[in-house]
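Enquirer: task: produce atomic coordinates for the following.
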Amino acid sequence: MRRTIVELCNIVATRGARLAAAGILGILKKMGRDIARDGEKQKTVVALDGGLYEHYSEYSKCLANTLEELLREEVYKSIFLEHANDGSGIGAALLAASHSLYRPADSS
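Expert: Reported below is the predicted structural model:
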């Protein structure tokens, strides 16, 4: 029974890592970082937060391997996956700050 549960957890984690890699690829495409540009080196750091990425090494390996499958080698070598403690809090602060830049001034 224990082996079945472990195997099921591995399957779910692998699927999650592959879906996360697909989402990261979508963001890289939107930013134009999914292709190499005429010898130009574009270093991209992807900050990831969460206990699953931090503590479950199979998840982080699967995510990296999936990105390697999806990207060309020269592009993949310029993508760096980094663990970011409290990344969600920092991300929320950055989002709030960027939103306030685009908010129209009150005319009253």
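Enquirer: every contact and neighbour count from this point should use C-alpha atoms.
Expert: OK.
Enquirer: am I right that A47 sits in a helix?
Expert: No. Counting by DSSP: H, G, I helix; E, B strand; the rest coil, A47 is not found in a helix; it is strand.
Enquirer: do you know how far it is from I79?
Expert: 11 Å (Cα to Cα, to the nearest Å).
Enquirer: tell me which of these two has more neighbours.
Expert: I79 (20 against 14; other Cα atoms under 10 Å).
Enquirer: bridging residues for that one?
Expert: T44 (DSSP bridges).
Enquirer: test my guess that it contacts K41.
Expert: No. Counting by Cα atoms under 8 Å, I79 sits too far from K41 to count as a contact (10.5 Å).
Enquirer: spatially central, which residue of this structure would that be?
Expert: Centroid-nearest residue in the chain, with Cα atoms, centre = their mean: I24, separated by 4.6 Å.
Enquirer: buried residues in the biggest helix by length in the chain?
Expert: Taking DSSP state H as the criterion, the chain has its longest helix at helix 2-31. The neighbour-count check on helix 2-31 (16 or more other Cα atoms under 10 Å) flags 13-14, 17-18, 21-22, 25, 28 as buried.
Enquirer: please apply the same query to stretch 83-93.
Expert: H83.
Enquirer: thanks a lot, catch you later.
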